[in-house]
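[1] Next come a sequence and a model predicted from it.
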Amino acid sequence: MNKKTFLFIRLLIAMLLGALVSISITIGNYILPIIAVLSIVILFHTLKKKVKGVIADERDYQIGGKAARNAISIYCLAMAILATTMMAMSKTHPDFFLPGQIIAYSTCGLLILYSILFKIYGKYGDYEK
């Protein structure tokens with residue numbers, strides 16, 4: 001299988017998975033989407049092994065790393081401003097305090113997770129190879 005066929009199959013499966021998850025949640029079945037997602041992950045992994053040629057190279061990983069780092073920086077800055085604003089406005093609107101704290105703690109959790117993963121990848125190297 002070549003890269004173009006793989007990308008087409010991946011797009012088709014992603015659309016089918018989206019439809020299946022939407023229908024399952026609409027009818028109230030929450031087990032089927034979990035099973036479907038796990039099955040698709042396994043299917044993608046086996047399909048990826050059958051592709052002849054290069055799917056991604058070092059440049060793609062470097063661009064992805066920069067994009068992820070910038071996305072995390074922008075997201076955390078925006079959420080910190082939003083959380084601070086919401087907690088400051090809680091004097092007049094008490095309902096804003098809890099969502100502000102949730103946003104603040106989730107942003108801190110994301111930064112902690114990023115720091116841990118950065119240390120792990122820095123110590124043990126790149127696992128993509």
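    Looks like it arrived, so ask away.
[2] From the contact counts, what lies against the helix or strand Leu38 falls within?
    Assigned by DSSP states H and E, Leu38 belongs to helix 31-49. With contacts taken as 3 or more C-beta pairs under 8 Å, 6 or more residues apart in numbering; DSSP states H and E, helix 31-49 sits against helix 3-27. Backbone N, C-alpha and C define where each C-beta goes, glycine included.
[3] And the helix it packs on, what's buried?
    Phe6, Leu17, Val21, Ser24 (16 or more other C-beta atoms under 10 Å).
[4] again, but for stretch 26-46
    Pro33, Ile40.
[5] Any stretches of the chain with poor pLDDT?
    54-57, 125-129 (pLDDT under 70).
[6] Can you tell me how far the residue most central in space within the chain is from Leu98?
    In the chain, the C-alpha nearest the mean C-alpha coordinate belongs to Ala68, at 9.9 Å (C-alpha atoms, centre = their mean). Between Ala68 and Leu98 the computed distance is 29 Å (C-beta to C-beta, to the nearest Å).
[7] how far away is the residue of the chain most remote from its centre from Pro99?
    Residue farthest from the centre of the chain, counting by C-alpha atoms, centre = their mean, is Thr92 at 35.3 Å. Noted for Thr92: a distance of 15 Å to Pro99, by C-beta to C-beta.
[8] next structured bit after the lengthiest helix in the chain?
    Secondary structure of the chain per DSSP state H: the longest helix is helix 58-88. For helix 58-88, the succeeding helix or strand toward the C-terminus, using DSSP H and E, is helix 97-124.
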